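In: got a sequence here, can you model it:
(2 chains)
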Amino acid sequence: MTDAMQPGIAIELAGVSVTYAGATGPVLKDVDLSIEEGELVLVVGRTGSGKSTLLGALNGLVPHFTGGELSGSVRVHGRNTRDHRPRDLADLVGVVGQDPLAGFVTDTVEEELAYGMEQLGLAPAVMRKRVEETLDLLGIADLRNAPLTELSGGQQQRVAIGAVLAAHPRILVLDEPTSALDPTGAEEVLAAITRLVHDLAITVVIAEHRVERVLAYADRVVHVVDGRVESGLPAEVMVSSTIAPPVVELGRWAGWSPLPMSVRDGWRAAAPLRAQLVEDAVLPSVVEEGRPGLSRNPLLTARKLSVRHGDLVAVREVGLAVRAGEITALMGRNGSGKSSLLWALQGSGTRATGTVEIGGADPRDLAPAVRRTRIGLVPQTPSDLLYLPTVAAECAQADRESGLEPGSCRQLLDRIVPDVADDLHPRDLSEGQRLGLVLAIQLTADPEVLLLDEPTRGLDYQAKSALSAVLRELTDRGRAILLSTHDVEFVAEASDRVLVMAAGEFVADGPTAEVLTASPAFAPQVAKVLGHGLLTVADAVARFGDLR
Amino acid sequence: MLPRALHPLAWWGWAIGLAVAASMTGNPILLGLIVVVVWLVVVARRTDSPWARAFRLYAVLGVVIVLVRLVLHVLVGLKWGTIEVLALPRIALPHWAAGINLLGTVYLEGWLAAAVQGLQLAVLILAIGGANALANPKRLLRALPHALHEVGTAVVVSVSVAPQLAESVQRVLRARLLRGDAGRGLRAVPRVALPVLQDTLDRSLLLAAAMESRGYGARNSDATAAGRRLLTGSLTLAGLLVLAFGMYDVLDPTRSLSWLGAPLVALGLALTVAGMALGGREIKVTTYRRDPWRLPETLTVLAGFAAAAGMVISKQATPDLLWLPLQPLAAPGLPIAATVGIVLAALPAFVTPPPAATGRPRERAGR
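Out: Alright, predicted model coming up:
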């Protein structure tokens, strides 16, 4: 059962293909990959490219748990997943998923850390010592007795990592560990991971959509395209990768070689460009006032708006005006009141004090069916709105709800995400397609103001650009958009104005360029590299023209 | 005493003692006294964890039970007594439903009897709710023998699904408003149920995958494992069967084969214990920080036992005092032994160590 492997190799995949039951073709095709001990490997690829399947194959969840057929061999420190179920590999491979709360088995931090070790049958004295070590390693010692449900997202994710680490695995597999976290929470988690790599020489395999957060730390990048895998040094893979962070895009455009992997690399390579910027006294105006659809008058006005959940004040007496033709981004850490504010503005959520006015009426006083023709909301989990078995049925229902002729919703959907088959179950859509479907359903009512709660979650760069184009088209027709997000790069690309919330109050409000460049925590990569009010690669291209 | 969590079994022992006491009496003073004792101990020794906060729900449930019992008595109860309270017309039912009294004149005695019955059930539930609030039910399962480990985990998982389900329902209900769908009633059921079910299934699968990859269910694997599992199964099954026969014999008032009862019970217990011990050996799970059993634990269980014992003594000495006199109606009496027993059951509020602080996160996770 235990095959000899080359020394120093932690994971070896040889000729691995995976086909799920009922699928037309394999998800992974003939993958050969070996990962050395102590490496931090970043797995990148578009949504649906087979990243999650690749990660699942590493501890045998694919195919033991998910079903399907795996040919070839996956060997982990000499153990073949053909003969070892995931539970038999628990002492070797620790797996952390996207949603830490969904994987918690116990109630409190300390018990959760011990759970894996209990299953492995470690002696109580050993467990006691390791729990303490893990608490310190991840900086969560003050939370030891805290109920897991009451932790913040970043804390929960660190507990989830600690819970698998306590069992002392040699390999840590993380599937998008920071996708639900605010920038600070993501930093906490990534800092913890890099520390593990450097101090414990643990092998880490991590998949991440927002590549810019991890790329700088990666030893190697595995690029998954349509089930095929290419691996190499980050700078080599990034030359042709379908997924690339802004600093790499900037490097590709500027023709830098080697490509910059981090803001630091970019900063050093960009010295000549910055010098050119200093010579120009006149700065380009980033906010173009003459954009179509922009008006002076606010579409939506809120005054002294507060939201309470029990004794917690989620939103405290905020005032807000949203103008037609404007995309406003709402930022702030998890739990700062963004969702509560959006729901209260829409009128379907609770509101403690204050007024909201849209077109002379308060949305709260309108019937839900009328309300959504004035102000629409796409919630954080868009699938909550879907309950019919096919895409076509959902679209037909949306047409009926809005009293439009059949086909209106389908037309919108085709504009947002083309090529979604009518007979698909909404569950089988990718994140981007599902968001597109819900967006289409909400847009069928043609609301003047559209609110989106965390729309970029789980979207890759291409899907985000598509979303940003759809939103821009709406504002050009005189609609107003307010969206909450943690994604700085998306804000830089898509929004005109940024509001920053903390503890239920606005702490910053202004044009995107101004707010984003004011603090390093919120600055997009291009702004950090070039400065001078340039936020995205598109800004740089517009400013310098084509360099080559 | 240093703050620490009391052994969960101690709290359950205490609560069962009080519940037994409550089930033996229909004296509103004694029942009220039990409520006060449970309330006092819970307030003194509960933590601020989510399961402790659920105590209020049990209290509400108790009140609802009493109210429902009162209303049911008016609607369909058998009315009896002499003091008229509510003169309602009696609705005649067809002959096949004879014996059910729809409405009719309500008398004080019958109504009070119904109230006391409701109160008895409510107090029983409150006692169990008290144990639930004081001892995390999941920690209780950890104190079970190893052979029951897997059953215990199944219970833990289903216990955690309930609050998640409530949260999903709330979220989906709110999301429906966004589609302009405020309709209620039967038509709305699939629109709520489908997304909720989907959500619950997804979460269960995620949890199962997480447990699988963390080693849940891994066994000591050797060649004899299959044979041993068969032996474990047969031992436990045989033990339970013998135990059932023995119990039947012991509890049967006609006592046809009285000499066989006690030995059968002993044999059944022995077989079951052997089966469990054997089964437990196969599972290599260990327990992190087993709760210690010290003097306060023993005192707590004894306090609960005192309530039940006092009731038994009073039942022998003054059986009439344990019930509210209804024919003729009079004030309830106060049997000494039962009262002393219940008052003793309040001891855990003072003799147990206070609970340890939970160490809450500074910021609450928002949604």
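
In: pLDDT weak spots in the stretch 1-150 of chain B?
Out: Filtered on pLDDT under 70, the stretch 1-150 of chain B yields no residues whatsoever.

In: for chain B, give me its nearest residue in chain A.
Out: Going by Cβ to the nearest Cβ, chain B is nearest to residue A:335 of chain A, at 2.6 Å. Every C-beta, even on glycine, is put in place using the N, C-alpha and C of the backbone.

In: gap between that residue and residue A:150?
Out: To residue A:150, residue A:335 is 11 Å away according to Cβ to Cβ, to the nearest Å.

In: for residue B:107, same thing?
Out: As for residue B:107, its distance to residue A:150 is 52 Å (criterion: Cβ to Cβ).

In: same deal with residue A:129?
Out: Distance of residue A:129 to residue A:150, given as Cβ to Cβ: 27 Å.

In: who has more neighbours out of those two?
Out: Per other Cβ atoms under 10 Å in any protein chain shown, whichever of residue A:129 and residue A:150 has more neighbours is residue A:150, with 17 against 11.

In: quick check: residue B:316 is in a helix.
Out: Yes. Under DSSP: H, G, I helix; E, B strand; the rest coil, residue B:316 sits within a helix.

In: quick one: neighbours of it, just the number.
Out: Neighbours of residue B:316 using other Cβ under 10 Å come to 8.

In: residue A:195 too?
Out: 13.

In: help me confirm that it is found in a helix?
Out: Yes. The assignment for residue A:195 (three-state DSSP) places it in a helix.

In: what sits closest to it if chain neighbours are left out?
Out: Residue nearest to residue A:195 in three dimensions, not counting chain neighbours: residue A:137, with 7.6 Å by Cβ to Cβ, 6 or more residues apart in numbering or on different chains.

In: separation between that neighbour and residue A:499?
Out: Taking Cβ to Cβ, one finds residue A:137 at 37 Å from residue A:499.

In: these two: who's more crowded?
Out: residue A:499 (23 against 20).

In: contacts only, for that one.
Out: Each residue near residue A:499 by Cβ atoms under 8 Å, 6 or more residues apart in numbering or on different chains is listed here: A:320, A:328, A:329, A:330, A:331, A:506, A:508, A:509.

In: ok, residue A:91 next?
Out: Neighbours of residue A:91 in contact, by Cβ under 8 Å, 6+ apart: A:120, A:167, A:168, A:169, B:215.

In: per-residue confidence for it?
Out: Per-residue confidence for residue A:91 comes out at a pLDDT of 91.

In: that one - that's part of a strand, no?
Out: No. With three-state DSSP as the criterion, residue A:91 is located in coil rather than a strand.

In: any idea how far it is from residue B:56?
Out: 43 Å.

In: same question for residue B:193.
Out: For residue B:193 relative to residue B:56 (Cβ to Cβ), the value is 28 Å.

In: again with residue B:259
Out: As judged by Cβ to Cβ, residue B:259 and residue B:56 stand 51 Å apart.

In: now for the residue most central in space within chain B: which residues touch it?
Out: Residue closest to the mean C-alpha point of chain B, counted by Cα atoms, centre = their mean, is residue B:128 at 4.4 Å. Contacts for residue B:128 (Cβ under 8 Å, 6+ apart) come out as B:15, B:19, B:58.

In: which of these has the most neighbours?
Out: Within these, neighbour counts (other Cβ under 10 Å) peak at residue B:15, which reaches 27 neighbours.

In: which elements pack onto the helix or strand containing it?
Out: Element membership of residue B:15, judged by DSSP states H and E, is helix B:8-24. Using 3 or more Cβ pairs under 8 Å, 6 or more residues apart in numbering or on different chains; DSSP states H and E, the elements in contact with helix B:8-24 are helix B:28-45, helix B:108-134, helix B:137-142, helix B:295-317, helix B:336-344.

In: apply 10 Å and report the result again.
Out: For helix B:8-24, the elements it packs on are helix B:28-45, helix B:108-134, helix B:137-142, helix B:295-317, helix B:336-344, helix B:348-351, judged by 3 or more Cβ pairs under 10 Å, 6 or more residues apart in numbering or on different chains; DSSP states H and E.

In: using neighbour counts, pick out the buried residues of the second one.
Out: To tie it back to what came earlier, the one meant is helix B:108-134. Neighbour-count burial for helix B:108-134, counted by 16 or more other Cβ atoms under 10 Å in any protein chain shown, picks out B:109-116, B:118-134.

In: good, we can wrap up now.
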